[in-house]
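Enquirer: what follows is a protein structure lacking sequence information:
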């Protein structure tokens, strides 16, 4: 039987999941995909994900691939799979790809958004998708600091300690701060991200916006190559993986 | 003891509530406010709401008033009450008002938004706050129809049958259609709304956008003064009461 590789674009509300990656205790996005795909295609399926998002983190377009011998056309799998998945996970696209295409072994860029809701009190309809703050944020200071983060740097200070990686050098193509009414969107696009990198960037930019730190501190934080030099890790629920792009 | 009247601006995510109004079975926004206020102020409190939103409908700023003899400053009640309320209800403001101010007996205008998410598949992070449709919508046709709804009309055709009201004449100050990326926002502002009026307007405008009806049908629907003449009642979860304004 001929085997084909299928690529899924996966959107989810991370609120009710223990993150992407399969784990012993708790339901994950990956475990739900594996369960529903195995059921649909009548063979054991294990997907490979592009971004193993943390518990509570959302996605508009994460990527997963898997191999199957089932003859269902790849582009029809999205429809059939969505019938089986819980409503907080929805496949946006399914398509056949080359048998050696691997989401973590290709040149790619990811875009994340970290959302902050600014107000005197939290807004219930935004509580699951943005961090609430009653503190005044100086957006110009945040924009200055964001610009210093752009480009190729050793982001070791922006990596959760204990993470095992060969290199902590990454390139950020842009770090922009957009105001959408009460919400502030920190949008970060790069060729790769270290563990908790976007959340540590968000936590640091927020301290700069609050006046606790200077925008120029970014230079010394990068130089120190020490997690303790950067700001706190902002909570998971404000983070959304919005886009994953690759160069075949 | 001196009695004072306090006005609350209330925001909520309606997903987990059986609407605003107290009922025997099921938790409502009103019952939660009464419970937490009575507990906080140590006297039995019953609020009066401006808009008795249906199950699943959200609000950024509904209005409620109540009387209390408690000496806690009115503007401090928001902070103390938010400590007790569940996280999907948040008071945005509390303030003292004249003892005869009543939210349903004053000249006022309400603004509602009905949100529609357009895509091939639903987007999980928007599923609780907008209606999903995969159908193509012609926004220009919807805008033409929206304009015909503006002004003073007898909206009997846009009122759920069985509702008891003296008059079904209302004035809509504007009905606008805004595109926000994949979302279409139907924004309606008027001096009063009949039961399910915004949801029937949304259901009718969607049929016009889908090409099932003509924009000019609005005239005959209004003339017929019959619920059966209008389109379906759009689902509750797409609806949000965004603003309530009054003229003292």
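Expert: The structure has been received and is ready for your questions. As the structure is a prediction and not an experimental result, all values here were calculated from the model. Numbers count the residues shown, from 1 in each chain, chains lettered A, B, ... in the order given.
Enquirer: could you report the neighbour count for residue A:112?
Expert: If you count neighbours by other CB atoms under 10 Å in any protein chain shown, residue A:112 ends up with 24. (C-beta placed from N, C-alpha, C; glycine too.)
Enquirer: oh, that last question was meant for residue A:167, not what I typed.
Expert: Residues near residue A:167, counting by other CB under 10 Å: 10.
Enquirer: tell me the spacing between it and residue A:233.
Expert: Using CB to CB, to the nearest Å, residue A:167 is found at 21 Å from residue A:233.
Enquirer: again, but for residue A:100
Expert: The gap separating residue A:100 from residue A:233 is 35 Å, by CB to CB.
Enquirer: same check, this time on residue A:200
Expert: Distance, residue A:200 to residue A:233, by CB to CB: 5 Å.
Enquirer: neighbour-wise, which of these two wins?
Expert: A count of neighbours by other CB under 10 Å puts residue A:200 above the other of residue A:200 and residue A:233, at 23 against 20.
Enquirer: off-centre distance for whatever helix or strand the more buried one lives in?
Expert: Here residue A:200 sits within helix A:197-209, counting by DSSP states H and E. The chain centre lies 15 Å from the centre of helix A:197-209; the measure is CA atoms, centre = their mean, to the nearest Å.
Enquirer: ok, stretch A:102-110 next?
Expert: The gap between the average C-alpha position of stretch A:102-110 and the chain average comes to 13 Å, counting by CA atoms, centre = their mean.
Enquirer: next, count neighbours for residue A:219.
Expert: So residue A:219, with other CB under 10 Å, has 13 neighbours.
Enquirer: so what pLDDT did the closest residue in space to it that isn't next to it in sequence get?
Expert: Nearest non-adjacent residue to residue A:219, counting by CB to CB, 6 or more residues apart in numbering or on different chains: residue A:148, 6.4 Å away. What the model reports as pLDDT for residue A:148 is 98.
Enquirer: ok but residue A:140 is inside a helix, no?
Expert: Yes: under DSSP: H, G, I helix; E, B strand; the rest coil, residue A:140 sits within a helix.
Enquirer: tell me how far it lies from residue B:88.
Expert: According to CB to CB, residue A:140 and residue B:88 sit 34 Å apart.
Enquirer: who's more crowded, the two?
Expert: Higher neighbour count among residue A:140 and residue B:88: residue B:88, with 20 against 11, using other CB under 10 Å.
Enquirer: show me which residues of chain A sit near chain B.
Expert: A:11-13, A:58, A:60, A:78, A:82, A:87-93, A:119-125, A:127, A:129, A:240 (CB under 8 Å from any CB of the partner chain).
Enquirer: show me which positions of stretch A:105-123 end up buried.
Expert: A:108-118, A:121-123 (16 or more other CB atoms under 10 Å in any protein chain shown).
Enquirer: return the subset of those lying in strands.
Expert: Applying DSSP state E to the buried residues of stretch A:105-123, the entries found in strands are A:108, A:109, A:110, A:111, A:112, A:113, A:114, A:115, A:116, A:117, A:118.
Enquirer: where's the dip in pLDDT among those residues?
Expert: Among those, pLDDT bottoms out at residue A:108, giving 91.
Enquirer: tell me the contacts of that residue?
Expert: A:50, A:191, A:192, A:244, A:245, A:246, A:247 (CB atoms under 8 Å, 6 or more residues apart in numbering or on different chains).
Enquirer: how about a cut-off of 6 Å?
Expert: Contact analysis of residue A:108 by CB atoms under 6 Å, 6 or more residues apart in numbering or on different chains lists residue A:246.
Enquirer: kindly state the beta-bridge partners for it.
Expert: residue A:246 (DSSP bridges).
Enquirer: surely residue A:67 is in a helix?
Expert: No: counting by three-state DSSP, residue A:67 is not found in a helix; it is strand.
Enquirer: quickly note the distance from it to residue A:147.
Expert: Counting by CB to CB - residue A:67 and residue A:147 are separated by 43 Å.
Enquirer: got the phi and psi for residue A:242?
Expert: Backbone torsions for residue A:242, taken as degrees, to the nearest 10, come to phi -90, psi -30.
Enquirer: which stretches in chain A count as helices?
Expert: Along chain A, the stretches classed as helices by DSSP state H are A:29-41, A:74-84, A:139-149, A:197-209, A:217-224.
Enquirer: go through these and pick out the most buried.
Expert: Ranked by mean neighbour count, these are led by helix A:197-209 with a mean of 25 (mean count of other CB atoms under 10 Å in any protein chain shown).
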